[in-house]
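sequence? don't have it. structure:
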């Protein structure tokens, strides 16, 4: 086992070098930070993170939460707060990592509520202004005293708007992640420059419906609460709900968006306006960038795989088929083994839960590898008939870290969807064969 | 890699010793056999198998086939034959392994048809009396000349009713299987003794809807075609469609049942009769035994896991929940790692595709390990609250090859289902990282 773990550390640092930015521009009117407060047992890794709106005017917020029937306490508390406030007047987020506060009974609900209350008090927020998230092992009560005494320490001495502060915040979200996930972006709209910052934690258990995922997106654009909600839902469908690591879904998944309007400009609230459409498009592309980092850091992942389904009857069909391929253990293992096994792709298309008959027409189905180094596509299946595959060429393509599979269903419907996943490796088994601290 | 492969061979021979019977009683009026005809490239492994009814009266037959939208040629041919003959006058089965005859276009359809035709001719059957099955790599045309010249060799010189003949037939079905799968059983009904023999091939890609699975059950009981069809469907639901290795579903899955009535007695055809119920119950239990062997031989499997869901609102709910747990990579990896991670079981229950609200009530959900050595159960979750788990005791239980997880949903509905699966191991990744010959 030892050599496998060594390898994992090497990957970890390679990935961190490649995917953690060394600088960033951050939205105005927010401060962020992270510290170690005593949840994680190593005594030093960051396990408490906070975002606060310091613009002076209330921010709007929206959330998407796990559909798991066992919802962790912080999920229940944050859902309730967002509902009660109708997405308005949300000014901070408090997160702990290392313990998910899930399946923890009434004590767990009390703890989650207290985390939000103390944050409001220390930040001098109006009551009920804080959303709460937790991630980590489930079934144990939080070391709540450590967290409650950590909150003032974090809020009073460790918040700021620098790159280092935001990165510390991203680190405070991590569990088995091998690198912190942070993306920033600036764009112009209505003559104003707006900034987006996004932080996330991922690793295992990532699948549609956002398994064991925490993320938040903060922007200084002015967006109305209901417009933000619609925008987040659209973006989530095409980003965090279009990625898969192992197909499991956790009790804690939470994706939040906060907008404080600190960069000025007219409020974006009419969902039929051009400004809304443009903002939604920026938001979606940004969420995709952040979500892709989670796939990059999939437990044991050695490949980053993009699956594009074209010419489906509907967006739902395209997404179902892409998702079924992305969740096939046989397909994922073949990619790990660099095996151009189009049969496994075909099988997964064939057992996707879409209508028989006109959603998948075997004689019209095409499958190709699209090399990510820009060289020519390699056709595997044309109109349902296998091509004679040049195995040397296939090996070249499969040696790349980034792979792209393209499926053309030829239904004439013209709809498409993209899904991102990683391979299934020895390392995944090693990591998950014994994960509890 | 070398050490992993060595280990695999050791498992293989351990499992063969344990699960291949050294003798058997076989149904009257059938002959079976298997030979190497030149599909498999090693030049010796059996790759052609045949069953023939030699009772002198036509047999009845029923079949259950893959729901994959890409159906292999033999699946299409056998489905058509069964439909045309209405399940009557089916007298033989011809099977090749090593090549699935899937995604092989019109040539593939011609080849599957020819395999059946030549079998009928050599056995002097009435036309259209043979069902055909293939398993193996997909996308290549069959070496049809080898098969067509192998059929007379097998039919004329290598069929018989001995243990050795049946075992040779079972070997002829295998691909990546580490042992041939054969079960036999005798029971009394209506004052007659009836015999059941079942052969199967399994290994990877086993999931609900019978992924890459070939199996047939032969009996000398007299069963009407429509009664046999209903019985097979009921038994399949509770056996071959209640097992999972990796959740994939192939283009070729086929389960056939043939009954020739050679042991005498009144025809079982009224589905409301006691005789039907008793036969169905024997049939189901027998199918479960055969299906369990497939799980035992799951690719890389080191554990045999039984998942029982009690007190569900409906059989469908119970089965959906059991199946979701069985297909969770995180759960399967935890079992491989001997980790009493009830959190992953809970997560899977929580994201099962059953109604929210009354199908799963977190505060009424119970999860236990039932030790298969007969010692006391270990409760993990009682009414939604985690128990303080004795980790030493958990380790003892998890060290066993056979594990049983019991879920009590406490809905008051009283319905239950059982599902069988294996763990997800390093060995699975090694086998599937490069499977194509």
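Okay, I see it. Note that the structure is predicted; figures quoted are calculated from it, not measured. Numbering: from 1, shown residues only, chains lettered A, B, ... in the order given.

Is it correct that residue A:420 falls within a strand?
Yes - counting by DSSP: H, G, I helix; E, B strand; the rest coil, residue A:420 is located in a strand.

OK, contacts around it?
Applying Cβ atoms under 8 Å, 6 or more residues apart in numbering or on different chains to residue A:420 gives the contacts A:242, A:243, A:244, A:291, A:292, A:295, A:304, A:305, A:306, A:307, A:326. Heads up, the C-betas are built off the backbone N, CA and C, glycines and all.

what stretches of the stretch 301-437 of chain A score poorly on pLDDT?
A:428, A:431-437 (pLDDT under 70).

ok, which residues in it are in contact with chain B?
Residues of the stretch 301-437 of chain A lying near chain B by Cβ under 8 Å from any Cβ of the partner chain: A:327-330, A:333-334, A:336-337, A:339, A:341-344, A:346-352, A:356, A:360, A:362, A:381, A:384-386, A:424-426, A:428-430, A:432-436.

Need the nearest residue in space to residue A:259, chain neighbours excluded.
Excluding the flanking residues, the one nearest residue A:259 by Cβ to Cβ, 6 or more residues apart in numbering or on different chains is residue A:223, at 4.1 Å.

now that neighbour, which residues is it bridged with?
residue A:268 (DSSP bridges).

what about it, neighbour count?
Residue A:223 has 30 neighbours, counted by other Cβ atoms under 10 Å in any protein chain shown.

right, and it touches residue A:270 too?
No - with contact defined as Cβ atoms under 8 Å, residue A:223 and residue A:270 do not form a contacting pair (11.1 Å).

rewinding a little: for the residue nearest to residue A:259, list the residues it contacts.
Contacts of residue A:223 by Cβ under 8 Å, 6+ apart are A:60, A:231, A:259, A:261, A:267, A:268, A:269, A:279.

which two from the residues you listed end up farthest apart in space?
Farthest-apart pair in the contacts of residue A:223 is A:231 and A:261; separation 14.6 Å (Cβ to Cβ).

more neighbours, those two?
Between residue A:231 and residue A:261, counting by other Cβ under 10 Å, residue A:231 is the more crowded of the two (27 against 24).

Quick check: next helix or strand after the longest helix along chain A?
What stands out as the longest helix in chain A, according to DSSP state H, is helix A:274-296. As assigned by DSSP states H and E, the chain's next helix or strand after helix A:274-296 is strand A:304-312.

List the neighbouring strands of that following strand plus their orientation.
strand A:402-408 (parallel), strand A:415-422 (antiparallel).

In this structure residue A:50 contacts residue A:156, no?
No - counting by Cβ under 8 Å, residue A:50 stays clear of residue A:156, with 10.8 Å between them.

still on that earlier bit, go through the contacts of residue A:420 and say which is closest to chain B.
residue A:244 (10.7 Å; Cβ to the nearest Cβ).

So what pairs up with that closest one in the strands?
Assigned bridge partners for residue A:244, using DSSP bridges, are residue A:421.

ok, now how distant is it from residue B:278?
Using Cβ to Cβ, to the nearest Å, residue A:244 is found at 46 Å from residue B:278.

so what's residue A:156 up against?
Neighbours of residue A:156 in contact, by Cβ under 8 Å, 6+ apart: residue A:122.

ok, the nearest residue to residue A:313 once chain neighbours are set aside to chain B distance?
Of all residues not flanking residue A:313 in the chain, residue A:413 sits nearest, at 3.8 Å (Cβ to Cβ, 6+ apart). Using Cβ to the nearest Cβ, to the nearest Å, residue A:413 is found at 16 Å from chain B.

Residue A:413: how many residues sit nearby?
Neighbour tally, residue A:413, other Cβ under 10 Å: 17.
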